[in-house]
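Novice: build me a model from this:
(2 chains)
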Amino acid sequence: MEVWEKVYLKGTDFLESTHGKVGCVICHGGNSQAEEKELAHQGVVADPSEESCTPCHRDVAELHENSLHATLSGFKTKLEARGANLSEGSALTTALDNHCQQCHTSCGQCHVSRPDEMGGGLVSGHVFRKTPSMQYNCTACHGARVGDEYLGNNEGVPADVHWQKAGMTCAKCHGQELHGTGAVVSHRYANAASPKCEDCHQDVWTETADNPQHRQHLGELDCYVCHAVAYKNCYDCHVGIDDKGLPYFRSEPSEIGFKIGLNPIRSSQRPYKYVVLRHIPVCADTFDYYGSDLLPDFETVSTWKYATPHNIQRHTPQNESCDSCHGNKSLFLTGDDLDPAEREANRGVIVIQAPPSK
Amino acid sequence: MKRLVFAILGLVLLSPVMAAGCAAPPQPPPGEEVSSCVICHTDKDLLKQTASAPKEEKSEATSGEG
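Specialist: Numbers count the residues shown, from 1 in each chain, chains lettered A, B, ... in the order given. From the prediction side, this is the model:
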C-alpha cells in the first residue's frame, strides 16, 4: 500500500456515513481550518480508538477491554506459569513492552485500517467495516500460521475446506469471541465464546452419529486429530535490542509437521484425551538478552501446545483407514521427537504407547 | 400543578434520548463541513505529492517468522 493510499478517503461512502458526518477533528484532533499541512496536523491522533469509540459504543468497548485482543493475557498466563516475574519494572515486563505489546489491537485497527504492525492504512477509504477484512485485518496479524493454513499457502498442504469450498471468512466462526464476553480469560481456549466444530456440525459428534468412527472415538479425540493436516511448527525464538535501539527477534526456520499428543488443557469443555500439538517458539533462554533465568519454571509448561490448525479436510492421511492412525507411530509425539532441553516440559503431552494396529 | 406537568413532560421527552445513550451523533464544530482535512484527503494527486510516511524503523537483526 502506497503512503498516500493509506490516508486517501476513496469515494464518498465514508463522507456520507454517520461517522463521516461527525467531522474529522472530533475524533482525530488537529486543525481543520488550517491550510498548511503541518499546522493542520498538529495534535492529530491517527488512531483515536480508545477515546473516540467508547462514548457511543460503550457496550462493545467495555467488552473489548477484557478481551484477549486488548489484554494479551494469553502471553502473560503462560509466562507466569513458567515462573516469569511480570511485576512493574521487571526485566520481563520491559521485554513484553518491547516485543509483544504491538500485538495489542484497537477498535480502529480491526474496523477501519490495517493494524499498525502491518504498516497501517485505511482499508476501505475510512468506511467503518462491522466485519473486519480477512485479508487486511485478521490475517495481517494471524498470517504466519493460521492464515497460511486456512488459505492453503503452505506448500503441498491444501487450504481449509471451509475456505476452499464454502469461502467462509474468519468472522463466520469467530464472532462474539473477538470482543470477548466481558470476563477476563487466561488464554483463548478458556474463552466461553470460542467457536467449536459442534456449533455447526451438531449431529456428527454424538452417540447416534451415522459415522461409526465418530461414535467409536466420541470424547477421546479432538476433531482436529482426524480432520487437520500438516501445519507449521516454530522453534527457538530469541529477542533483543539491536545497536540502533530497535527491538528484534530471531527464530529458527519453521517446520511443517503433524503430531498427535495428550491434551495439555483437558477440561469439561475440551475433554479429549488426544489432540493435535503445535510446537511454539519459546525456549528457556528466549529472553536472556534481558537477564538470565527469566523463565525459571520453564519445564512446567509444554512447548508442544494444544492446537487447532485451520486446514480442516474431510479426508486426511490419518483417517483413510484404521491402520492409517493405529500403529502409525510417526503421527504421535513421543520422547524421540523432543529436544533434550524440553524433555521435562513435555513429559505430560507425549504419547508413551501409540494405539496398536487394529 | 403546571410545573409538575412540565417536569413530567420533560422527563418523558428526555427518557428515550437518555436510554439511547449516544443516539444523537456528536455534531461537528462550525466550519468542519468544509474542512481542509476532507479537501486534501480526497485529492489523490495532492496526497501523492504531500503524503509522507512516519519514520518507522525495523531492526535488520530480525529473522524468522513472527
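Novice: what are the ranges of the helices in the stretch 1-150 of chain A?
Specialist: Using DSSP state H, counting those that start in this stretch, the helices found in the stretch 1-150 of chain A span residues A:3-6, A:18-22, A:24-28, A:37-40, A:49-53, A:58-65, A:68-71, A:73-81, A:91-99, A:107-111, A:139-141, A:148-151.
Novice: tell me the contacts of residue 45?
Specialist: In the absence of a named chain, chain A is used. A:Cys27, A:His28, A:Gly29, A:Glu51 (Cβ atoms under 8 Å, 6 or more residues apart in numbering or on different chains). C-beta here means a position set from N, CA and C on the backbone, and glycine is covered the same way.
Novice: my bad, chain B
Specialist: Neighbours of B:Asp45 in contact, by Cβ under 8 Å, 6+ apart: none.
Novice: which SS class is it?
Specialist: helix (DSSP: H, G, I helix; E, B strand; the rest coil).
Novice: returning to that earlier point: possible to save the helices of the stretch 1-150 of chain A as JSON lines with mean pLDDT, distance to A:Leu218 and mean neighbour count?
Specialist: Output for the helices of the stretch 1-150 of chain A, formatted as JSON lines (pLDDT from 0 to 100; distance: least, Cβ to Cβ, whole Å; neighbours: other Cβ atoms under 10 Å in any protein chain shown):
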{"stretch": "helix A:3-6", "mean pLDDT": "94", "distance to A:Leu218": "51", "mean neighbour count": "17"}
{"stretch": "helix A:18-22", "mean pLDDT": "90", "distance to A:Leu218": "49", "mean neighbour count": "15"}
{"stretch": "helix A:24-28", "mean pLDDT": "93", "distance to A:Leu218": "52", "mean neighbour count": "18"}
{"stretch": "helix A:37-40", "mean pLDDT": "94", "distance to A:Leu218": "64", "mean neighbour count": "13"}
{"stretch": "helix A:49-53", "mean pLDDT": "88", "distance to A:Leu218": "44", "mean neighbour count": "17"}
{"stretch": "helix A:58-65", "mean pLDDT": "92", "distance to A:Leu218": "34", "mean neighbour count": "16"}
{"stretch": "helix A:68-71", "mean pLDDT": "91", "distance to A:Leu218": "30", "mean neighbour count": "19"}
{"stretch": "helix A:73-81", "mean pLDDT": "94", "distance to A:Leu218": "29", "mean neighbour count": "18"}
{"stretch": "helix A:91-99", "mean pLDDT": "95", "distance to A:Leu218": "41", "mean neighbour count": "18"}
{"stretch": "helix A:107-111", "mean pLDDT": "96", "distance to A:Leu218": "37", "mean neighbour count": "22"}
{"stretch": "helix A:139-141", "mean pLDDT": "93", "distance to A:Leu218": "33", "mean neighbour count": "20"}
{"stretch": "helix A:148-151", "mean pLDDT": "98", "distance to A:Leu218": "26", "mean neighbour count": "24"}
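Novice: find the nearest non-adjacent residue to B:Ala61, please.
Specialist: Among residues not flanking B:Ala61 along the chain, A:Tyr248 sits closest, at 3.9 Å (Cβ to Cβ, 6 or more residues apart in numbering or on different chains).
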